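Colleague: From the sequence below, what's the structure:
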Amino acid sequence: MGFLANDTNNIILDAVLTNEGRKRLAANNGTFRIVQFSFGDDEVDYNIIQKYGRTVGREKIEKNTPVLEALTNSPIERRNLLVSLSNDGLTALSTYSLSSQSVTLTNTVSRADSSGFFTARQQGAAGQTIPVEIRDTVAVVSLNSKFLTIANATPFARDGNIEYFNVAVNNPNSDTPAFQVNIQNKVLTTADFTTFGATSDKTTINTVVRVQGRQSGLLKDVQVTLNKN
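Modeller: Numbers count the residues shown, from 1 in each chain. As a prediction, this is how the structure comes out:
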């Protein structure tokens with residue numbers, strides 16, 4: 001849902017059911033229950049605080065920030081969630097470190113099983129542990145299904161060519177929870193490289209795999225290069 005301000009400065013609550021919510025409501029079997037909700041601040045540019053300070057910056061954010069309309073596609077509805085933390089002394093949130101910023105797959109026309117992987121590790125700020133509220137147990141991996149898939153996995157949602165996968169985090173109770181993303185190319189053709197190729201000789205396609213923590217909201221992009229030969 002979203003909060004929309006109209007011309008008279010009144011606040012309007014725009015609430016919609018996601019596609020999953022509509023599906024459960026349409027079942028009409030008494031199981032549809034709204035038991036929790038969450039907020040996000042996707043629209044807010046916090047650089048304004050750094051530029052103008054807390055007092056003036058807050059006023060500029062409140063008066064000038066456009067608010068997105070509520071969407072029914074839940075995977076893209078809220079990318080940056082607001083969280084309540086039990087640790088009042090926390091001074092910095094956790095981050096993701098990647099084993100690689102890029103992955104290259106080769107022979108993607110002659111082989112439909114060319115694959116690669118990267119690992120992501122959630123780390124707390126120096127001297128601080130990751131609060132349990134934002135300690136990831138599952139990560140959402142999204143990619144362009146025209147070129148890639150996640151090996152041995154089934155997407156839980158789709159938005160056009162973008163597919164979304166759940167990837168379980170290994171030992172989420174450790175100080176640095178980690179998970180591995182195994183990517184695999186789809187069956188590509190010479191025509192694909194002619195249409196989507198990034199080089200003058202059309203032998204390379206560049207695409208992106210995005211990783212976002214379910215609990216933390218942390219987000220990282222990994223560039224994937226598909227080589228024709």
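Colleague: Domain map for the protein?
Modeller: 2-77, 95-227 (automatic domain parsing).
Colleague: Pull up the gap between residue 199 and residue 193, please.
Modeller: 9 Å (C-beta to C-beta, to the nearest Å). The C-beta positions use only the backbone N, C-alpha and C, and glycine is treated the same way.
Colleague: Likewise for residue 130?
Modeller: In terms of C-beta to C-beta, residue 130 sits 42 Å off from residue 193.
Colleague: Could you do residue 81 as well?
Modeller: When residue 81 is compared with residue 193 (using C-beta to C-beta), they lie 38 Å apart.
Colleague: Kindly report the same for residue 141.
Modeller: In terms of C-beta to C-beta, residue 141 sits 24 Å off from residue 193.
Colleague: Also residue 113?
Modeller: 18 Å.
Colleague: The two: who's more crowded?
Modeller: Using other C-beta atoms under 10 Å, the more surrounded residue of residue 113 and residue 193 is residue 193, with 22 against 11.
Colleague: the helices in this protein, which residues?
Modeller: 19-27, 47-64, 74-77, 190-196 (DSSP state H).
Colleague: Which elements pack onto the first one?
Modeller: Counting contacts by 3 or more C-beta pairs under 8 Å, 6 or more residues apart in numbering; DSSP states H and E, helix 19-27 packs against helix 74-77.
Colleague: what does the last one give?
Modeller: The helices and strands touching helix 190-196, judged by 3+ C-beta pairs under 8 Å, 6+ apart, are strand 204-213.
Colleague: Good, wrapping up.
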